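J.: need a structure here:
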Amino acid sequence: MADFQRLIMEWYRLNKRELPWRTTVDPYFIWLSEIILQQTRVAQGLEYYLKFTNNYPTVFDLASASETDVLNDWQGLGYYSRARNLHATAKIIAFDLKGRFPDSFDQIKSLKGVGDYTAAAISSFAFDLPYSVVDGNVYRVLSRFLDIDLPIDSSIGKKYFAKIAQEFLPINDFAIYNQSIMEFGALQCVPINPPCDICVLTNLCLARLNKTIALRPVKTKKVKVRNRFFHFMIFKDNDKIILVKRIQKDIWQHLFHFPLIETEFETGIDVMCSIFQDDFGLKPYDFSSKITHILSHQKINAVFYFFDTLPPNLSNDFIVTKTTAIQDFPLPRLIDRFLENNDI
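T.: Numbering: from 1, shown residues only. The predicted structure follows:
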């Protein structure tokens with residue numbers, strides 16, 4: 001265990017990436033980075049971290065911003081509940097806690113959008129408290145080093161790895177060690193074809209000895225993907241266009257998109273045109289090919305229909321705006337991607 005700690009910490013000092021959140025112990029900046037990096041690659045997250053620290057240099061700036069501005073700055077990063085939780089938590093810290101960030105694991109974990117991993121990371125990196133971080137990289141490193149065949153997505157596996165990770169924590173330098181094992185998994189002990197021949201742990205790794213590298217870590221659950229069928233209506237009259245705000249508890253909550261009809265099954269263009277005629281008294285003059293947008297547990301099958309006028313009876317949900325102002329609204333990545341490839 002001592003050799004493991006020493007070797008990966010030495011490796012980290014020689015190979016670590018220079019990242020801005022590693023040069024600070026300010027809990028606000030570390031919290032920002034950890035929320036942004038949830039479900040996000042470092043290369044993509046870095047751009048958003050710099051944007052947020054520039055636009056909201058203090059927790060008071062973030063708390064005082066409008067939700068629309070925060071969601072707009074988050075646009076393209078996905079998992080928008082993270083942005084809403086970020087904003088809500090900033091208000092609690094700024095206004096209820098007078099700007100003082102919680103400094104204990106339990107208090108940090110009580111914040112909205114913060115789970116065990118994020119609480120451990122903030123506790124360790126901001127306050128150098130003895131909490132081990134267990135993310136996908138740590139699962140992979142430990143499962144290979146110890147050749148553990150317990151599924152990491154099972155309750156018993158999660159408990160076992162949490163116990164092992166805590167046992168592997170050194171007696172000091174908690175933040176450096178946690179950064180080391182995560183970075184080691186991200187750069188050296190990669191998921192596919194890791195360069196074991198140049199690994200500092202090559203003579204100690206049980207999975208390499210047992211030739212089970214490709215089998216670790218073990219996962220059991222297969223995510224069931226839900227197919228959804230979205231029919232977006234682009235009602236445009238000269239420079240005017242209609243958007244709606246998505247308020248229901250579903251994907252894209254509080255984001256804006258074109259009015260849509262969701263069907264339970266894939267529905268033909270002729271059928272949809274009849275529905276548009278019945279609901280709005282209008283028929284589209286054109287439509288797009290099907291666009292597929294993949295989310296973690298959902299597959300969105302989208303078709304965009306073009307109308308050259310606004311509906312005669314506008315719904316209370318409809319927001320009439322100028323076409324040049326669309327990007328002023330926080331948009332789902334699917335809509336943003338469509339606009340990048342189509343002139344509206």
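J.: end to end, how far does stretch 85-99 reach?
T.: Stretch 85-99 has an end-to-end distance of 17 Å (criterion: Cα to Cα, to the nearest Å).
J.: what does stretch 309-317 contact?
T.: If you take Cβ atoms under 8 Å, 6 or more residues apart in numbering as the criterion, stretch 309-317 is touched by 235-237, 240, 242, 244-245, 259, 280-282, 318, 320. Just so you know, the C-beta spots here come from the backbone N, C-alpha and C atoms, and that holds for glycine as well.
J.: which residue ranges form the strands in the stretch 101-250 of the chain?
T.: For the stretch 101-250 of the chain, the strands defined by DSSP state E, counting those that start in this stretch occupy 226-237, 240-245.
J.: can you redo the ones you listed as a markdown table with mean pLDDT?
T.: Below are the strands of the stretch 101-250 of the chain laid out as a markdown table (pLDDT from 0 to 100):
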| stretch | mean pLDDT |
| --- | --- |
| strand 226-237 | 97 |
| strand 240-245 | 97 |
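J.: closest to Leu50 out of those strands?
T.: When the strands of the stretch 101-250 of the chain are compared by Cβ to Cβ, strand 240-245 sits nearest Leu50, at 28.2 Å.
J.: for that closest one, which positions count as buried?
T.: Ile241, Ile242, Leu243, Val244, Lys245 (16 or more other Cβ atoms under 10 Å).
J.: any idea how far the helix or strand following that strand is from the chain center?
T.: Following strand 240-245 in sequence order, the next helix or strand is strand 256-257 (DSSP states H and E). Distance, stretch centre to chain centre, for strand 256-257: 19 Å (Cα atoms, centre = their mean, to the nearest Å).
J.: which other residues reach strand 256-257?
T.: Contacts of strand 256-257 (Cβ under 8 Å, 6+ apart): Phe232, Leu243, Val244, Lys245, Arg246, Ile319, Phe329, Pro330, Leu331, Pro332, Leu334, Ile335.
J.: before we move on, back to that, and which of the buried residues of strand 240-245 is nearest to Ile92?
T.: Proximity of those to Ile92 (Cβ to Cβ) peaks at Lys245, which lies at 24.4 Å.
J.: Asn342 versus that closest one, what's the distance?
T.: 22 Å (Cβ to Cβ, to the nearest Å).
J.: over to Val218?
T.: Val218 is 44 Å from Asn342, by Cβ to Cβ.
J.: neighbour-wise, which of the two wins?
T.: Val218 (16 against 11; other Cβ atoms under 10 Å).
J.: Three-state assignment for the residue nearest the centre of the chain, please.
T.: Nearest to the geometric centre of the chain sits Gln39, at 3.8 Å (Cα atoms, centre = their mean). Using DSSP: H, G, I helix; E, B strand; the rest coil, the structure places Gln39 in coil.
J.: quick one: contacts for Lys51?
T.: Neighbouring residues of Lys51 by Cβ under 8 Å, 6+ apart: Asp73.
J.: per-residue confidence for it?
T.: On pLDDT, Lys51 comes in at 97.
J.: element containing it, please.
T.: Lys51 belongs to helix 42-55, assigned by DSSP H and E.
J.: tell me the helix or strand right after that helix.
T.: For helix 42-55, the following helix or strand on the C-terminal side (DSSP H and E) is helix 59-64.
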